[in-house]
Structure formats: structure tokens, C-alpha cells
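What follows is a predicted protein model with its sequence.
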Amino acid sequence: MGGRESDMVLLDANGIRCDGRRIDEPRRIMIKAGGLKNADGSAYIEFGDNKIIAGVFGPRDVHPKHMSDTDTGILRVRYHMEPFSVSERKNPAPSRREIEISKVIKEALAPAVMLEKFPRTAVDVFIEVIQADGGTRCAALSAASVALADAGIPMRDMVAACAAGKVADTVILDVNNEEDQAGQADMPVGYMPNLEKITLLQLDGVLSAEEYKKCVETGINGCKLVYELQKKALQEKYFQNGGQQN
């Protein structure tokens, strides 16, 4: 991870970060439920400079049929970054990172979705990253949860996600791209607040036992902030717009 000189730039003597935020302050977050006419459910999120859209289709028949499960539904997730989403044009073909994040998001969503209620079917979640700026997996996971709720998929709770990290020996909330590249640690956290259950926890970097505990607590606090915005997005669509679809 980054060295001392980078750390000094990332966090000044007053505890202000490179983008002007305090150590416990998230980036600007905007979530909108709906928007895709052809999807069963959808959501759009801006998380800092991340711009991500998620579409949900299903429950629907599984093809080929032998892939279906007679006891439960199956959840399929595709996370994809548009070639223009990053400063250096990305190859349109799925990268190893995109395949890994697709798997991570699927596993983080699985405890929330009541798949047993629709056996022999599949729920497909498509996530498109239009613009990337660090923390895309957390933003994508948060958007996917709202899209699933928008589709009326039975859920135990929504999964909210936010990363914590370590910069200049200080634990911070919501790691941006510069902090991710040059900081000391990055910890994405996915959390179901009503059930108080963590569904995603990863760590890139090195933390002491005390820093690890503080990072988890900081990440969960960020998830709770995101959760309120997820609920607000659904309320704005279904209660302020007279319940009209999309």
C-alpha cells in the first residue's frame, strides 16, 4: 500500500481528507428506485463520483432447465464496468475482477433474498458501472438491493454497503479512489441493519486487532447511513408517486 508521502497528502494535520471530507464523513450519495422500463425492478446510485445502474429480472424460468433447483430459486449476478467508466479505456470483455465482484455481490445478497419461496426459477441481477471512482462493489451492492426490493422480490432485509479503511494510521469512512490506491487498508462491508448481520466483509491491507474492530464498526455505521437512503428511495417511488411503476 501507499507510503508516508502519499499518506500526508491524503490526510492533513486537521484531519481533513484529500476531497475535503472529515474522517467519519461519507461521500455524497443519491439513490433512485426504478427507471428501467423493461426490468422487473431497477435502481440508480451515485456514490461520490460512482454512477451505477442495477436491473433485476425474475423470478423467471431457468434455461437450460437442468440448471434449476427443485427446492429453491437461484440468484445470478453480473457486475460489469463500461469501457468508458474509467480514465483508461477498459476492455469490454469480462475481467477477472468483474467476475470476482459478481460472485462477491451474489454471496452478499443471497442471505437477504428468500429464494426458497420460488423454486425452479432464477432471479437475474445486472449491474452496469457507468462511472467508477473507488468503492464500486459497495455502491453496486446497495443499488442491487434497492432494485430487488423494487422488483417485489421477497427479502429478509435489504443489504446496505459502505467501505471503511485506513489512511495515515487513521480509520476513515467511505474510501475514495485516491485513498484506495495510496492508503494503508480498504474494508468493504455489507450489512443487513434490521437483522444486524454482516453479509460482506473483505480486507485489503494490514490492520491491528484494534484497528480491525474499529474499521468494522465504522463500516457498519456507513451501511446504516446508506440503508436510510435506500428506504427513502423506495418511499419516494411508491408513496410520493402514488405507487406508479417505474
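Cool, got the structure. Bear in mind that the values here come from a model prediction, so they are computed numbers and not experimental data.

so how many other residues sit close to the closest residue to residue 68 other than its chain neighbours?
Of all residues not flanking residue 68 in the chain, residue 62 sits nearest, at 3.8 Å (CB to CB, 6 or more residues apart in numbering). Using the backbone N, CA and C atoms, a C-beta is placed for each residue, glycine as well. Residues contacting residue 62 under the criterion other CB atoms under 10 Å number 17.

for residue 62, what are its contacts?
Contact analysis of residue 62 by CB atoms under 8 Å, 6 or more residues apart in numbering lists 68, 74, 120, 121, 122.

Please name whichever of these scores lowest on pLDDT.
Minimum pLDDT for those is recorded at residue 68 (88).

for this protein, what are the low-confidence residue spans?
Across the chain, the ranges flagged by pLDDT under 70 are 1-8, 241-246.

What segments of it are strands?
For the chain, applying DSSP state E gives strands covering 29-33, 41-47, 50-61, 74-81, 121-131, 160-167, 170-173, 185-192, 197-201, 204-205.

Could you say which of those strands is packed most deeply?
With neighbours defined as mean count of other CB atoms under 10 Å, those peak in mean count at strand 160-167, which reaches a mean of 29.

Mind giving me the packing neighbours of that one?
Helices and strands touching strand 160-167, as assessed by 3 or more CB pairs under 8 Å, 6 or more residues apart in numbering; DSSP states H and E, comprise helix 136-150, strand 170-173, helix 177-182, strand 185-192, helix 209-238.

May I see the buried residues of the last one?
If you call a residue buried by 16 or more other CB atoms under 10 Å, then helix 209-238 has these buried ones: 211-212, 214-216, 218-223, 226-227, 229-231, 233-234, 237-238.

Residue 226 and residue 142 touch, don't they?
Yes: counting by CB atoms under 8 Å, residue 226 does reach residue 142; the two are 5.3 Å apart.

which residues are common contacts for these two?
160, 161, 162.

wait, which of those residues is closest to residue 100?
residue 161 (15.7 Å; CB to CB).

what sits opposite the closest one in the beta ladder?
Note on residue 161: beta-bridge partners by DSSP bridges are residue 190.

these two touch, right, it and residue 191?
Yes: using CB under 8 Å, residue 161 is in contact with residue 191, at 7.2 Å.

Quick check: neighbours shared by the two?
Between them, residue 161 and residue 191 share the contacting residues 200, 223, judged by CB under 8 Å, 6+ apart.

can you tell which of the strands of the chain is closest to residue 109?
Here strand 74-81 is closest among the strands of the chain (CB to CB), at 6.3 Å.

Go ahead and produce PDB holding the CA coordinates of the closest one.
Listed in PDB are the C-alpha atoms of strand 74-81, where the atom choice follows Å, rounded to 0.1, in the frame of the first residue of the first chain:
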ATOM      1  CA  ILE A  74     -31.300 -19.400  -7.800                       C
ATOM      2  CA  LEU A  75     -29.700 -15.900  -7.800                       C
ATOM      3  CA  ARG A  76     -27.400 -14.800 -10.700                       C
ATOM      4  CA  VAL A  77     -25.500 -11.600 -10.600                       C
ATOM      5  CA  ARG A  78     -23.400  -9.900 -13.400                       C
ATOM      6  CA  TYR A  79     -21.300  -6.900 -12.400                       C
ATOM      7  CA  HIS A  80     -19.900  -5.100 -15.500                       C
ATOM      8  CA  MET A  81     -17.900  -1.900 -16.000                       C
END
